[in-house]
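Enquirer: Quick one, structure for this:
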Amino acid sequence: MKKELHIFFTCLMFYTRIPCPKNITHHPDYLNKATRYFPFIGWIVGSISFIIYSVFALFLSTETAVIFSIVISVLTTGAFHEDGFADVCDGFGGGWTKEKILMIMKDSAIGAYGAIGLVLLFLLKFKLLSESILLFQVYDSMAIFKIWLLFISVHSLSRLAAISIIFTHEYSREDASSKSKPIAKQFTWKEIFGSFFFGLVPLLVFSYFDPKVLFAVIPVFITRYFLARYFQKWIDGYTGDCLGATQQVCEVIFYLSILFLWKFI
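Expert: Have a look, this model is predicted:
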């Protein structure tokens, strides 16, 4: 139990800015095993975002409250995944060989592709999340509870989609220059089971009230498949930035799926 707590706090410290016990470090062995708790971080980030949304929604419009919820999610993770998304936009937008793409992604400076990509990403998140929340507020008597499930489901499922890439593909960089290298070395059934358990439980709870929400898994994992295939084609695998980009894109796809399902099914 003590070891599992250490692994969990390692995961929490690596993927968020939430304070952890002082004895927790980025030890490669624990970081590698922390994969099993990555989708659970979605529960935490999603719940924090929901709380902030709920507080500001008491005296501000839904749209403004959504903005604050997005801000707190970025602050909670230190823009970890958004940074990966921007790097992927720059790398794949400006590079035409594996070496060039990896070199651009490693550069800490943000380029035009990354900046434009982030603007469009946040606009989509804001608009789609706002519309999803308004959908529940208008048509559902259990709106506040389902909005909470929406927040944690999108954050956990998108993280599952991202982290599952390490179970099927190889790490692209040949050196250990990336901070995500330790999570790419090896995994066991515990990492696979933990990832899928924490990634799917919120959605399964959600489906108890609205079974059609389960259909959202399909477009999310189709997106994950084509992104992983695209990364494989150009850089022979993935990097930490690719995982971050996958999480962000799958988050947007989940919101789109919810709106489609509630409108047409």
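
Enquirer: Which positions in the helix or strand hosting F50 come out as buried?
Expert: Per DSSP states H and E, F50 falls inside helix 38-57. The neighbour-count check on helix 38-57 (16 or more other Cβ atoms under 10 Å) flags 38-46, 48-50, 52-53, 56-57 as buried. Where you see a C-beta, it was placed from the backbone N, CA and C, and this is true even at glycine.

Enquirer: was I right about P219 contacting V249?
Expert: No: if you go by Cβ atoms under 8 Å, P219 and V249 don't touch, sitting 11.0 Å apart.

Enquirer: follow-up on the earlier one: and of the buried residues of helix 38-57, the nearest to K3?
Expert: F40 (16.3 Å; Cβ to Cβ).

Enquirer: show me what contacts the closest one?
Expert: 8, 11, 156, 194, 198 (Cβ atoms under 8 Å, 6 or more residues apart in numbering).

Enquirer: buried subset of the residues you listed?
Expert: Judged by 16+ other Cβ under 10 Å, buried ones among the contacts of F40: 8, 11, 156, 194, 198.

Enquirer: Model confidence score at the second one, please.
Expert: In this prediction, C11 carries a pLDDT score of 94.

Enquirer: So, low pLDDT: which residues of the stretch 101-250 of the chain?
Expert: 139-141, 175-185 (pLDDT under 70).

Enquirer: ok, which stretches of it are helices?
Expert: Using DSSP state H, counting those that start in this stretch, the helices of the stretch 101-250 of the chain run over 112-139, 143-163, 165-168, 189-209, 217-235, 240-264.

Enquirer: Quick one: those as TSV, columns for distance to E63 too.
Expert: Output for these, formatted as TSV (distance: least, Cβ to Cβ, whole Å):
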stretch	distance to E63
helix 112-139	5
helix 143-163	14
helix 165-168	33
helix 189-209	23
helix 217-235	25
helix 240-264	14
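
Enquirer: State the number of residues packed around I265.
Expert: 10 (other Cβ atoms under 10 Å).

Enquirer: same question, A112
Expert: Neighbours of A112 using other Cβ under 10 Å come to 11.

Enquirer: Closest one to T223 out of the buried ones among the contacts of F40, please.
Expert: S156 (15.8 Å).

Enquirer: Just want the phi and psi numbers for G111.
Expert: phi -100, psi -170 (degrees, to the nearest 10).

Enquirer: Quick check: phi and psi at the nearest residue to it once chain neighbours are set aside.
Expert: Using Cβ to Cβ, 6 or more residues apart in numbering and skipping residues adjacent in sequence, the residue nearest G111 is D90, 4.2 Å away. For D90, the backbone dihedrals (degrees, to the nearest 10) come out as phi -70, psi -50.

Enquirer: Verify the stated contact: S158 with Y255.
Expert: No: contact criterion Cβ under 8 Å: S158 and Y255 do not qualify, at 10.0 Å.

Enquirer: who's more crowded, these two?
Expert: Taking other Cβ under 10 Å, S158 and Y255 do not tie; S158 has more neighbours (28 against 22).

Enquirer: what residues are up against the more buried one?
Expert: S158 touches 42, 220, 246-248, 250-251, 254, counting by Cβ under 8 Å, 6+ apart.

Enquirer: what do you get for Y208?
Expert: With Cβ under 8 Å, 6+ apart, Y208 has no contacts at all.

Enquirer: Quick check: phi and psi at T16.
Expert: Torsion angles, degrees, to the nearest 10, at T16: phi -140, psi 180.

Enquirer: from what I can see it touches G42, true?
Expert: No: under the criterion of Cβ under 8 Å, T16 makes no contact with G42, lying 10.7 Å away.

Enquirer: returning to that earlier point: looking at the helices of the stretch 101-250 of the chain, which is buried most?
Expert: helix 143-163 (a mean of 24; mean count of other Cβ atoms under 10 Å).

Enquirer: Run the chain-centre distance for that helix.
Expert: 10 Å (Cα atoms, centre = their mean, to the nearest Å).

Enquirer: Could you do stretch 61-74 as well?
Expert: That offset, for stretch 61-74, works out to 17 Å (Cα atoms, centre = their mean).

Enquirer: rewinding a little: pull the contacting residues for the residue nearest to G111.
Expert: So D90 contacts 104-105, 107, 110-114 (Cβ under 8 Å, 6+ apart).
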